[in-house]
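J.: 3D model of this:
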Amino acid sequence: MSRGFKIIVEGDYALFTRPEMKVERVTFEVPTVSAMEGLVKSIYWKPCLKICVDKIIVFNPIKFINVRRNEVKSKVSFSAVKSQMKGVGNAEIYADEDRSQRAGMILKDVRYGIEFHFELTGMRSEHPDECEEKHYNIFLRRLRKGQCFRQPCLGCREFSARKVELVEEFDLSEISEELKGDIDLGYMLYGMKFKDGGVPINNDWDNPKFSDKADAVYYRPHMIDGVIDVAKYREGIIC
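T.: Alright, predicted model coming up:
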């Protein structure tokens with residue numbers, strides 16, 4: 001039996017990057033499923049849990065804004081970090097020497113409703129009392145108190161959520177009139193499908209080893225009166 005929640009998320013800005021844009025960042029009109037899963041996981045997550053987004057509700061009109069920001073062109077390599085941990089070399093980037101300007105088209109003044117549930121993955125835990133009831137109560141308590149172990153963000157990490165609120169039901173009358181009707185959102189990134197399917201490649205749950213190889217998964221949702229029924233499209237996603 002799955003346990004479900006409904007939350008309202010608000011933010012000043014959001015950026016759900018289109019993967020086909022390589023240099024300049026351009027956002028999708030609405031949140032991607034993987035971005036909303038990541039937001040939920042910033043509140044509470046364990047390896048034994050799988051977060052499933054069932055619905056995404058867009059309340060505010062879709063507004064874009066163009067920005068230009070200073071960013072660094074490079075990133076610190078994993079091998080450089082490991083070398084520095086051993087006392088050899090360094091893992092440093094100097095922003096003044098590696099700076100570049102990049103434009104971006106982002107969303108502003110956003111408000112979303114997220115309906116989601118979690119399922120147990122089957123991964124064993126060191127705690128003998130592992131059950132859905134336990135994780136449901138932890139999730140519920142953290143949502144009620146506004147707790148998180150990292151700042152929830154709307155797509156890119158620099159665009160943090162201003163408010164995350166647990167609700168009993170969504171007030172669909174608050175959806176903007178501009179979003180009424182059937183809107184074809186085109187092909188959107190759903191998430192990444194890992195080769196191992198969540199099952200250890202060595203078939204050992206006590207000392208699991210997972211694959212880091214994954215394919216991008218896409219789907220083509222329609223937003224009906226501001227509501228994207230993700231669960232309806234889950235079986236028809238395209239890999």
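
J.: Same question for the spatially most central residue of the chain, what's its three-state structure.
T.: When C-alpha atoms, centre = their mean is applied to the chain, the residue found nearest the centroid is residue 35 (2.1 Å). Three-state call for residue 35 (DSSP: H, G, I helix; E, B strand; the rest coil): helix.

J.: Residue 78 versus that one, what's the distance?
T.: Per C-beta to C-beta, to the nearest Å, residue 35 is found 24 Å from residue 78. Every residue, glycine included, has its C-beta placed from N, CA and C.

J.: go on, residue 70?
T.: The value you get for residue 70 to residue 78, if C-beta to C-beta is used, is 25 Å.

J.: these two touch, right, residue 175 and residue 59?
T.: Yes - the pair residue 175 and residue 59 qualifies as a contact (C-beta atoms under 8 Å) at a distance of 5.4 Å.

J.: okay, and the common contacts of these two?
T.: residue 226 (C-beta atoms under 8 Å, 6 or more residues apart in numbering).

J.: And the strands in the protein?
T.: Here the chain has its strands, by DSSP state E, at 3-14, 25-26, 49-58, 64-72, 99-120, 163-166, 182-184, 188-194, 214-219, 222-224, 227-229.

J.: Residue 163 pairs with what?
T.: Using DSSP bridges, the bridge partners assigned to residue 163 are residue 10.

J.: Just give me the neighbour total for residue 50.
T.: Counted by other C-beta atoms under 10 Å, the residues lying close to residue 50 total 16.

J.: OK, contacts around it?
T.: When contacts are counted by C-beta under 8 Å, 6+ apart, residue 50 touches 118-121, 198.

J.: Give me the distance between the nearest residue to residue 166 once chain neighbours are set aside and residue 4.
T.: The shortest distance from residue 166 to any non-neighbouring residue, by C-beta to C-beta, 6 or more residues apart in numbering, is to residue 143 (4.1 Å). Computed as C-beta to C-beta, the residue 143 to residue 4 distance reads 12 Å.

J.: if we can go back for a sec, could the strands of the chain go into CSV alongside mean pLDDT and distance to residue 137?
T.: Below are these laid out as CSV (pLDDT from 0 to 100; distance: least, C-beta to C-beta, whole Å):
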stretch, mean pLDDT, distance to residue 137
strand 3-14, 93, 9
strand 25-26, 90, 39
strand 49-58, 93, 13
strand 64-72, 88, 40
strand 99-120, 92, 12
strand 163-166, 94, 13
strand 182-184, 95, 38
strand 188-194, 86, 27
strand 214-219, 87, 31
strand 222-224, 95, 33
strand 227-229, 95, 28
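
J.: Of all those, which one is nearest residue 152?
T.: The closest of the strands of the chain to residue 152 is strand 163-166. By C-beta to C-beta, the value is 5.6 Å.

J.: for that closest one, packing partners?
T.: Using 3 or more C-beta pairs under 8 Å, 6 or more residues apart in numbering; DSSP states H and E as the contact test, the elements touching strand 163-166 are strand 3-14, helix 132-145.
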